[in-house]
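K.L.:
need coordinates for the following:
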Amino acid sequence: MERVRLTHVWSHDLGIPASMPYVRPLLARGWDISFICPPGENVPAAHALGMRTYPLAMRRDFHPPTDVIGSAQLVRCFRRDRPHIVHTHAFKTGHAARVLAAAAGVPIVIHTVHGQPYSLETPALVRAALVAIERLVSLGVDAILVQSDEDRRTLVETGAIRPELITWIGNGIDLARFVSGPQAEIDRRSARAELGLNDEEILFLSAGRLVREKGFVELFDAAIRARREDRRVRLAVAGDIDEGKSDALDPRVVASARDAGVLVLGRRADMHRLYAASDVVALASWREGLPRVLMEGAAMGKPLLAADARGCREVVRPPRNGLLVPVRDPAALARAMLVLAADPALRRSLGEANAVEARERYDIDTVVARVIAVYDRLLAVKGLV
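P.N.:
You can find the predicted model right below:
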């Protein structure tokens with residue numbers, strides 16, 4: 001039987017490590033897997049496992065010159081490699097790659113929604129325009145995978161996607177890596193010492209690309225406000241400024257936060273140690289799919305604080321496992337930080353609930369099985385196996 005050829009299309013090379021749990025079982029089956037994404041430090045990891053990568057010039061913001069070049073690159077790869085499945089990700093890149101893959105005659109086109117850019121609360125005219133675009137670019141798509149049930153409902157209720165095309169997959173993490181226990185206590189002590197924290201300080205940890213829609217401006221503001229009232233409050237943020245996004249944080253904003261006492265850590269490969277060091281895991285995003293930072297914090301047995309945004313509220317469910325505050329409200333964030341800082345018993349009860357719930361809801365192996373089941377079903381329907 002011919003080897004199944006699968007191509008993932010991402011807007012950033014970070015899609016390679018994000019895809020690893022999903023591609024490893026398929027490599028074991030003998031599948032031929034490639035990535036189309038901008039070059040970056042994660043490309044060698046794909047090559048080490050025998051996967052090919054192709055550069056993509058397309059940027060995440062609107063930029064006609066690189067959009068044209070990137071579109072030509074996509075078409076060239078689809079025609080040369082003749083993949084059986086093209087699996088697209090992200091917003092603009094996912095739109096373009098879906099249309100071009102279908103036009104190039106790719107038998108199976110799949111897209112994963114990692115967080116819809118609109119909701120049922122979006123102003124009607126904006127929502128109508130985005131729905132029309134989504135409907136158009138999905139005409140040749142065989143399956144839409146969603147991480148968030150709220151995104152599934154939005155797509156169905158707005159008529160953007162036919163219900164039979166949508167599969168809810170959720171999102172998952174490596175529960176063997178993110179776990180509370182004796183090693184986490186060792187990591188906590190060493191990481192806090194490296195960060196210069198004393199035992200009395202209450203560390204709020206967040207992570208992600210440093211862009212406005214991730215809510216970091218509000219979170220910086222909230223931490224500074226909260227620290228004025230309780231000097232024990234500290235905030236640490238892991239992640240780089242995403243210069244490829246039009247809403248990337250101004251370096252001056254980041255520098256100002258650092259000067260005010262925020263620990264700006266850059267991209268980190270030891271997130272499990274940082275979670276162990278933290279007392280609360282926070283995320284102020286305006287929208288999400290199903291956010292990994294909250295799932296990972298939950299698995300580490302930490303209380304959660306998040307904006308009441310799509311995706312976030314599917315992980316944080318007050319009063320059981322954390323607190324939600326209005327989106328883009330630094331004053332409310334600051335009040336919630338002070339509540340959690342002042343109440344160790346509350347932090348402990350919320351964290352204990354999260355440690356249990358994470359084991360039930362966020363196992364990456366379960367999510368991988370759901371995605372592979374979609375591949376297998378469509379390969380059979382198309383007569384390719």
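K.L.:
contacting residues around Met58?
P.N.:
Contact analysis of Met58 by Cβ atoms under 8 Å, 6 or more residues apart in numbering lists 11, 38, 66-67, 69-71, 73-74, 92-93, 96. To be clear about C-beta, it is placed using only N, CA and C from the backbone, and glycine gets the same treatment.
K.L.:
for it, which three-state class applies?
P.N.:
coil (DSSP: H, G, I helix; E, B strand; the rest coil).
K.L.:
quick one, phi/psi of it?
P.N.:
Met58 adopts backbone torsions of phi -60, psi 130, taken as degrees, to the nearest 10.
K.L.:
remind me which residues of the stretch 101-250 of the chain are low pLDDT?
P.N.:
Under the criterion of pLDDT under 70, none of the stretch 101-250 of the chain is flagged as low confidence.
K.L.:
PyMOL command to pick out the buried ones of the contacts of Met58?
P.N.:
Listed next is the PyMOL selection for buried residues among these, using 16 or more other Cβ atoms under 10 Å:
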select buried, resi 11+38+66+67+70+71+73+74+92+93+96
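K.L.:
rebuild the contacts of Met58 as CSV, extending it with distance to Asp240 and secondary structure.
P.N.:
Below are the contacts of Met58 laid out as CSV (distance: Cβ to Cβ, whole Å; DSSP: H, G, I helix; E, B strand; the rest coil):
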residue, distance to Asp240, secondary structure
Ser11, 15, coil
Pro38, 14, coil
Thr66, 20, helix
Asp67, 24, helix
Ile69, 25, helix
Gly70, 22, helix
Ser71, 27, helix
Gln73, 25, helix
Leu74, 26, helix
Lys92, 20, helix
Thr93, 19, helix
Ala96, 25, helix
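K.L.:
near the residue nearest to Arg82 when sequence neighbours are not counted, how many other residues are there?
P.N.:
The shortest distance from Arg82 to any non-neighbouring residue, by Cβ to Cβ, 6 or more residues apart in numbering, is to Arg5 (6.8 Å). Arg5 has 17 neighbours, counted by other Cβ atoms under 10 Å.
K.L.:
residues contacting Arg5?
P.N.:
For Arg5, the contact set (Cβ under 8 Å, 6+ apart) comprises 31-34, 81-85.
K.L.:
same thing but 7 Å
P.N.:
By Cβ atoms under 7 Å, 6 or more residues apart in numbering, Arg5 lies in contact with 32, 81-84.
K.L.:
residues making contact with the one helix or strand Arg189 maps to?
P.N.:
Taking DSSP states H and E as the criterion, the element that holds Arg189 is helix 182-195. With contact meaning Cβ under 7 Å, 6+ apart, helix 182-195 is reached by 236, 263, 272-274, 276-277, 300.
K.L.:
in that helix, what counts as buried?
P.N.:
For helix 182-195, burial by neighbour count (16+ other Cβ under 10 Å) applies to 184, 187-188, 191-192, 195.
K.L.:
quick one: contacts of whichever strand or helix holds Ala72?
P.N.:
In this assignment (DSSP H and E), Ala72 forms part of helix 64-81. The contact list for helix 64-81 (Cβ under 7 Å, 6+ apart) reads 5, 7, 9, 34, 36, 54-59, 86, 96-97, 100-101, 104, 106.
K.L.:
mind checking the pLDDT average for that helix?
P.N.:
For helix 64-81, mean pLDDT is 97.
K.L.:
list the beta-bridge partners for Leu203.
P.N.:
Arg234 (DSSP bridges).
K.L.:
from what I can see it touches Arg234, true?
P.N.:
Yes: Leu203 lies in contact with Arg234 (Cβ atoms under 7 Å); the separation is 5.1 Å.
K.L.:
which neighbours do those two have in common?
P.N.:
In contact with both Leu203 and Arg234: Leu197, using Cβ under 7 Å, 6+ apart.
K.L.:
how near is Glu185 to Val179?
P.N.:
Look at Glu185 and Val179: by Cβ to Cβ, to the nearest Å, they are 12 Å apart.
K.L.:
my bad, His63
P.N.:
42 Å.
K.L.:
for Pro163, same thing?
P.N.:
37 Å.
K.L.:
same check on Gly266?
P.N.:
In terms of Cβ to Cβ, Gly266 sits 25 Å off from Val179.
K.L.:
who has more neighbours out of those two?
P.N.:
Taking other Cβ under 10 Å, Gly266 and Val179 do not tie; Val179 has more neighbours (18 against 10).
K.L.:
my guess is the more buried one meets Gly301, correct?
P.N.:
No: applying Cβ under 7 Å as the test, Val179 and Gly301 come out as separate, 8.4 Å apart.
K.L.:
give me the element Tyr54 is part of.
P.N.:
Applying DSSP H and E as the criterion places Tyr54 in strand 52-55.
K.L.:
what residues of that strand count as buried?
P.N.:
53-54.
K.L.:
what's the neighbour count on Asp259?
P.N.:
Residues lying near Asp259 (other Cβ under 10 Å) number 8.
K.L.:
for it, phi and psi?
P.N.:
The phi/psi pair for Asp259 (degrees, to the nearest 10) is phi -60, psi -30.
K.L.:
how far away is it from Asp13?
P.N.:
For Asp259, the distance to Asp13 - Cβ to Cβ - is 31 Å.
K.L.:
likewise for Trp31?
P.N.:
Taking Cβ to Cβ, one finds Trp31 at 21 Å from Asp13.
K.L.:
for Ile186, same thing?
P.N.:
Taking Cβ to Cβ, one finds Ile186 at 32 Å from Asp13.
K.L.:
same thing with Arg258?
P.N.:
27 Å.
K.L.:
which one of these two has more residues nearby?
P.N.:
The residue with more neighbours, out of Arg258 and Asp13, is Asp13; 21 against 13, by other Cβ under 10 Å.
K.L.:
surely the more buried one is in contact with Pro44?
P.N.:
No: between Asp13 and Pro44 there is no contact under Cβ under 7 Å: 10.1 Å.
K.L.:
from the centroid of this structure, which residue is nearest?
P.N.:
Pro291 (5.2 Å; Cα atoms, centre = their mean).
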